[in-house]
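> just the structure for this:
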Amino acid sequence: MKHVRLNITTHVYEEVPVDELTRFKNELAKAAGAIVPPADAKKLGICVFCGPKELKFRDELSVREYSITAMCQECQDKVFQ
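Numbering: from 1, shown residues only. Modelled structure (predicted):
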């Protein structure tokens with residue numbers, strides 16, 4: 001799977017190394033207040049913002065959201081109000 005981004009200067013899509021993409025996602029999460037990188041949070045089964053706590057989700061959509069963002073139900077509710 002190739003990852004691409006739009007170069008806003010040249011308006012050309014460029015391939016992005018996965019390492020760079022992961023680093024960008026981690027930096028973005030940290031800027032948003034994450035206490036652990038999303039990939040690590042998912043591996044550990046914790047919330048990216050709250051840390052260790054029992055993860056309970058309201059529905060399948062919330063479970064899928066966790067697989068993308070690593071946010072617990074409470075944090076998802078705060079973000080998507």
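
> when you work out contacts or count neighbours from here on, use the C-alpha atoms and nothing else.
Fine.

> wasn't Leu21 part of a helix?
Yes: using DSSP: H, G, I helix; E, B strand; the rest coil, the secondary structure at Leu21 is a helix.

> that one and Gln73: what is the separation?
26 Å (Cα to Cα, to the nearest Å).

> more neighbours: which of the two?
Neighbour totals were compared for Leu21 and Gln73, and Gln73 leads with 19 against 14 (other Cα atoms under 10 Å).

> what's around the spatially closest residue to that one that is not a sequence neighbour, how many residues?
Counting by Cα to Cα, 6 or more residues apart in numbering, Gln73 lies nearest to Phe57, which is 5.5 Å off, once chain neighbours are set aside. Phe57 has 16 neighbours, counted by other Cα under 10 Å.

> tell me the secondary structure at Phe57.
coil.

> so how far is Gly45 from it?
For Phe57, the distance to Gly45 - Cα to Cα - is 13 Å.

> got it, and Pro52?
Pro52 is 8 Å from Gly45, where distance means Cα to Cα.

> now swap in Pro37 and tell me
Counting by Cα to Cα, the gap from Pro37 to Gly45 is 12 Å.

> Pro52 and Gly45: which is more packed in?
Legend: neighbour count by other Cα under 10 Å for Pro52 and Gly45, higher for Gly45 (17 against 12).

> can you pull the contacts of the more buried one?
By Cα atoms under 8 Å, 6 or more residues apart in numbering, Gly45 lies in contact with Pro52, Leu55.

> helices of the chain, start to end?
With helices called from DSSP state H, the chain shows them at 18-31, 38-44, 60-69, 73-79.

> could you identify which of the ones you listed is most buried?
Across the helices of the chain, averaging neighbours per residue (mean count of other Cα atoms under 10 Å) puts helix 38-44 on top, at a mean of 17.
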